[in-house]
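Peer 1: have a look; sequence and predicted model below, questions after that.
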Amino acid sequence: MKLILPEPVASKILSALAVAGRQEIGGLLVAEHVGDVTFRIVDASIQTVNGTATHFERDPSLHARFLEEFFEKTSGDFTRFNYIGEWHSHPSFAPVPSRDDIQSMWSIISDPATSVNFAVLLIVRRGNSRKLILSATAFSVGSAPASVEVELEAGGISVISSRVGRLIKRLGF
């Protein structure tokens, strides 16, 4: 799987990270399906509450309007435009999923109410001089978590991607 991260979305996340400082923040990711296993992130919601220096808890009620507006803009074309996953920051730690992060993603894809076949978790950290350090992991029912390639779409931001395969094996998933 591959994610294309447009510069405006990367900038939006970097700006939110700068304001948040050492507090973890996060939100939802919505994307356009542009190829067999390629998705272009269209937007990210930003939640700056319910985070501490070591933990982030997404509040679904804070993102309902974001999803409604996205689906209105895309005329409910769910096969082309849809929720693709979650993102949050690890400002004080490596931008790789923790055991809690992995369990949270399993609960999302296992919940019949979400109606998702898979979800991506993007964990980000702000680096020096417009650098976004990140990892992306795909979760799907019946499969082990897998690293996702992230390609930055133009712009003045650098993306440093971390592979998470060995870490996930070490955590026992």
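Peer 2: That came through, no problem.

Peer 1: for this structure, what's the longest helix?
Peer 2: If you go by DSSP state H, the chain has its longest helix at helix 7-20.

Peer 1: that one - contacts with which helices or strands?
Peer 2: The helices and strands touching helix 7-20, judged by 3 or more CB pairs under 8 Å, 6 or more residues apart in numbering; DSSP states H and E, are strand 38-44, strand 81-89, strand 118-126, strand 131-140, strand 149-153. To be clear about C-beta, it is placed using only N, CA and C from the backbone, and glycine gets the same treatment.

Peer 1: list the strands paired with the last one, with their directions.
Peer 2: On the basis of DSSP bridges, the sheet neighbours of strand 149-153 come out as strand 2-6 (parallel).

Peer 1: the third one now?
Peer 2: When pairing is defined by DSSP bridges, strand 118-126 lines up against strand 81-89 (parallel), strand 131-140 (antiparallel).

Peer 1: re the thing from before, among the helices and strands packed on helix 7-20, where is the model least confident on average?
Peer 2: For these, mean pLDDT drops lowest on strand 149-153, to a mean of 88.

Peer 1: quick check: pLDDT value at Thr52.
Peer 2: pLDDT, read off for Thr52, is 78.

Peer 1: thinking again about what came up before, switch the strands paired with strand 118-126 over to JSON lines; also include mean neighbour count and distance to Gly155.
Peer 2: Putting those into JSON lines (neighbours: other CB atoms under 10 Å; distance: least, CB to CB, whole Å) gives the following:
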{"stretch": "strand 81-89", "mean neighbour count": "23", "distance to Gly155": "18"}
{"stretch": "strand 131-140", "mean neighbour count": "22", "distance to Gly155": "11"}
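
Peer 1: any chance of the ones you listed in JSON lines, plus distance to His63?
Peer 2: Below are the strands paired with strand 118-126 laid out as JSON lines (distance: least, CB to CB, whole Å):
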{"stretch": "strand 81-89", "distance to His63": "9"}
{"stretch": "strand 131-140", "distance to His63": "18"}
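
Peer 1: returning to what we had before: and Ser15, which of the helices and strands packed on helix 7-20 is closest to it?
Peer 2: Distance to Ser15, taken as CB to CB, is lowest for strand 118-126 among the helices and strands packed on helix 7-20, at 9.8 Å.

Peer 1: so the closest one versus strand 38-44, what angle?
Peer 2: Orientation check (axes from the mean of the first three to the mean of the last three CA atoms, to 10 degrees): strand 118-126 against strand 38-44 gives 60 degrees.

Peer 1: mind listing what's buried along strand 118-126?
Peer 2: The neighbour-count check on strand 118-126 (16 or more other CB atoms under 10 Å) flags 118-126 as buried.
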